[in-house]
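# Based on what follows, work out the 3D shape:
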Amino acid sequence: MARTDNDSWEITESVGATALGVAASRAAETESDNPLIRDPFARVFLDAAGDGVWNWYSAGQLPDELLEIEPNLAQQMKAMVGYMASRTAFFDAFFMDAATAGISQAVILAAGLDSRAWRLPWPNGITVYELDQPRVLDFKASTLAEHGAEPACNRVAVPVDLRQDWPTALREAGFDASRPSVWSAEGLMPYLPAAAQELLFERVQALTVPGSRVGVEALGPKFLDPEARARRRARMDRVRAVFAKVDPQRQVPSTDELWYFEEREDVGEWFGRHGWDVTVTPSLDLMAGYGRRPAQEVENDVPGNLFVAAQRSGT
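Numbering: from 1, shown residues only. Got it, this is the predicted structure:
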């Protein structure tokens, strides 16, 4: 499952399967007693994809054998649902604030199973461009169409790998770089090498004008912490060992094999030195603000990511 140059995937494979995992957490939050966010389409995607490890978040009961070796796993999963709900709420509000301010072009980089084009109350005249690999976008659009769901905006799919010339594909799809735009890079940074992250931001810079906004889920210092990585790998090895015995048909991926553990420039600092006004919110602060701060004993298991909100200054 390790990454290779120009690799691609079905929605149930590799990076695609991680999108289903995020959808499962949104489904769990939506179906909870007091949901922070509501994503009625998350369950639709899960049902279409079938059973898999991504359904953990909505499982009624974890195997007893698993809880014996990982007694905090249920709390860890609850914390991750809270993290994903907070992340979703952050980007939902980010897009709605920009749309309310009059920005009429939104770009979702690595859109995955993000259903904002369908579920958010977009004002009239908004165009939402979704960029991702063709098979991922096809699965999303066809699944929602089969359920009679229609986008709530002018949704434009841009089937392209972000390692390719996506700026040209975006322009050819109708994007106007001379007008302000709002962008998101959610759940994307660990899947990019450092050089690709730099190139991504340079391309965004070239496609934006003053007044544009960018929201990024950026990697924090904990991402490269060898102790944190070792703890995560050891826990997942134990989980895989249990599932190999109790449910051998269920493959548990090693997510960090999909990630690039490389030194890279701090995202907030990058945008700051390129003429953007920047606000950075650590993940635990974001969660606390939404009433989703995790239990203290599992705080270290929550991603230490930074939520960057940037607006391009100038006239």
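# just checking, Glu70 touches Val239?
Yes. Contact status for Glu70 versus Val239: in contact at 6.6 Å, counting by C-beta atoms under 8 Å. Yep, even glycine has a C-beta here, placed from its N, CA and C like the rest.
# With neighbour numbers in mind, choose between these two.
Between Glu70 and Val239, counting by other C-beta atoms under 10 Å, Val239 is the more crowded of the two (19 against 16).
# from memory that one sits against Leu66, does it?
Yes. Contact criterion C-beta under 8 Å: Val239 and Leu66 qualify, at 6.5 Å.
# Report the set of residues contacting both of those two.
Common contacts of Val239 and Leu66 (C-beta atoms under 8 Å, 6 or more residues apart in numbering): Leu73.
# so where's this structure shaky on pLDDT?
Along the chain, the model assigns pLDDT under 70 to residues 1-16, 51-63, 243, 246-256, 315.
# May I ask you to name the longest helix in it?
What stands out as the longest helix in the chain, according to DSSP state H, is helix 73-100.
# That one - contacts with which helices or strands?
Applying 3 or more C-beta pairs under 8 Å, 6 or more residues apart in numbering; DSSP states H and E, one finds that helix 73-100 makes contact with helix 14-30, helix 64-69, strand 105-109, helix 116-119, strand 182-185, strand 213-218, helix 283-289, strand 306-312.
# do that again at 6 Å, thanks
helix 14-30, strand 213-218, helix 283-289 (3 or more C-beta pairs under 6 Å, 6 or more residues apart in numbering; DSSP states H and E).
# Columns distance to Ser142 on top of those, output as JSON lines?
Listed next are the helices and strands packed on helix 73-100 as JSON lines, based on distance: least, C-beta to C-beta, whole Å:
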{"stretch": "helix 14-30", "distance to Ser142": "15"}
{"stretch": "strand 213-218", "distance to Ser142": "27"}
{"stretch": "helix 283-289", "distance to Ser142": "33"}
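# Phe139 is nearest to which of those?
helix 14-30 (8.2 Å; C-beta to C-beta).
# That closest one to helix 73-100, inter-axis angle?
90 degrees (axes from the mean of the first three to the mean of the last three C-alpha atoms, to 10 degrees).
# list the helices and strands helix 14-30 packs on?
Helices and strands touching helix 14-30, by 3+ C-beta pairs under 6 Å, 6+ apart, are helix 42-49, helix 73-100.
# Dump those to a markdown table, plus mean neighbour count.
Output for the helices and strands packed on helix 14-30, formatted as a markdown table (neighbours: other C-beta atoms under 10 Å):
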| stretch | mean neighbour count |
| --- | --- |
| helix 42-49 | 20 |
| helix 73-100 | 20 |
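# With distance to Pro151 as extra columns, can I get those in CSV?
Output for those, formatted as CSV (distance: least, C-beta to C-beta, whole Å):
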stretch, distance to Pro151
helix 42-49, 14
helix 73-100, 14
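# Can you tell me which of those is nearest to Ala295?
Distance to Ala295, taken as C-beta to C-beta, is lowest for helix 73-100 among those, at 5.5 Å.
# from the middle of its chain, how far away would the closest one be?
Put simply, helix 73-100 sits 9 Å off its chain's centre (C-alpha atoms, centre = their mean, to the nearest Å).
# by how many degrees do that helix and strand 105-109 diverge?
If you take the same axes, to 10 degrees, helix 73-100 sits at 150 degrees to strand 105-109.
# Val267: neighbour count?
By other C-beta under 10 Å, 25 other residues sit near Val267.
# now swap in the one 3 residues further on and tell me
The burial metric for Trp270, expressed as a neighbour count using other C-beta under 10 Å, is 21.
# Remind me what the helix or strand encompassing it packs against, helices and strands.
Trp270 belongs to helix 267-273 when assigned by DSSP states H and E. Counting contacts by 3+ C-beta pairs under 6 Å, 6+ apart, helix 267-273 packs against strand 276-282, strand 306-312.
# make it 7 Å
strand 213-218, strand 276-282, strand 306-312 (3 or more C-beta pairs under 7 Å, 6 or more residues apart in numbering; DSSP states H and E).
# Could you dump those into JSON lines and include mean neighbour count and distance to Tyr129?
Putting those into JSON lines (neighbours: other C-beta atoms under 10 Å; distance: least, C-beta to C-beta, whole Å) gives the following:
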{"stretch": "strand 213-218", "mean neighbour count": "24", "distance to Tyr129": "14"}
{"stretch": "strand 276-282", "mean neighbour count": "16", "distance to Tyr129": "20"}
{"stretch": "strand 306-312", "mean neighbour count": "22", "distance to Tyr129": "18"}
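# Break down the stretch 151-300 of the chain into its helices, ranges please.
Per DSSP state H, counting those that start in this stretch, the stretch 151-300 of the chain carries helices over the ranges 166-172, 194-206, 226-246, 267-273, 283-289.
# To Asn34, which of these lies closest?
helix 283-289 (14.6 Å).
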